[in-house]
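**Q** Below is the structure, and that's it, no one-letter string:
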């Protein structure tokens, strides 16, 4: 059989796998199309005599990861349409506050995990040092150190005096 006929025979199984990944029929169809397109482009990398289904599942899974990441980035980048309806006297202040909050969120995302956790628990969630240390299962001195470094890094990234 040819590459194309083998690929065509796999389509029902690919759609079923795509549906299990996406939980939506339309998204599954889109994902299947993307995976088939990638397979056709990468046809030369398929080793004859190996299992095409495993190869295609790997392509599809990677395409789904790419799609999920793109959706996450888009959700973080674009503001909901309803947010534009608030523009006006108070809307300008709200938009400025939202922009500043987004800027702080981006700065937080650049911190190492340990520092981000400490800053989030103490400065954002308002936990006491002792409580935050217990949540993270670290000594209070370690928490304090992470918090100081995280706060300093945030201030540097946001251009404010520490």
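**A** Great, that's in hand. Being a predicted model, the structure only gives us computed values, none of them experimental. Numbering: from 1, shown residues only.
**Q** Quick one: neighbours of residue 18, just the number.
**A** 25 (other C-beta atoms under 10 Å). (Each C-beta comes from the backbone N, C-alpha and C, glycine too.)
**Q** Might you report the residue contacts of it?
**A** Residues counted as contacts of residue 18 (C-beta atoms under 8 Å, 6 or more residues apart in numbering) are 27-29, 31-32, 35, 60, 64.
**Q** hmm, try it at 10 Å
**A** 24-25, 27-35, 57, 60-61, 63-64 (C-beta atoms under 10 Å, 6 or more residues apart in numbering).
**Q** Could you tell me which of those count as buried?
**A** 27-28, 31-32, 34-35, 57, 60, 63-64 (16 or more other C-beta atoms under 10 Å).
**Q** Nearest residue to residue 143 in space, please, no chain neighbours.
**A** Nearest non-adjacent residue to residue 143, counting by C-beta to C-beta, 6 or more residues apart in numbering: residue 133, 4.3 Å away.
**Q** nearest to residue 93, of the buried ones among the contacts of residue 18?
**A** Nearest to residue 93 among those, counting by C-beta to C-beta, is residue 27 at 37.9 Å.
**Q** Please work out which residues outside whatever helix or strand that closest one lives in touch it.
**A** Assigned by DSSP states H and E, residue 27 belongs to helix 25-41. If you take C-beta under 10 Å, 6+ apart as the criterion, helix 25-41 is touched by 3-4, 7-8, 10-12, 14-22, 24, 45-46, 52, 55-64, 66-67, 71.
**Q** Kind regards, and thank you for your time.
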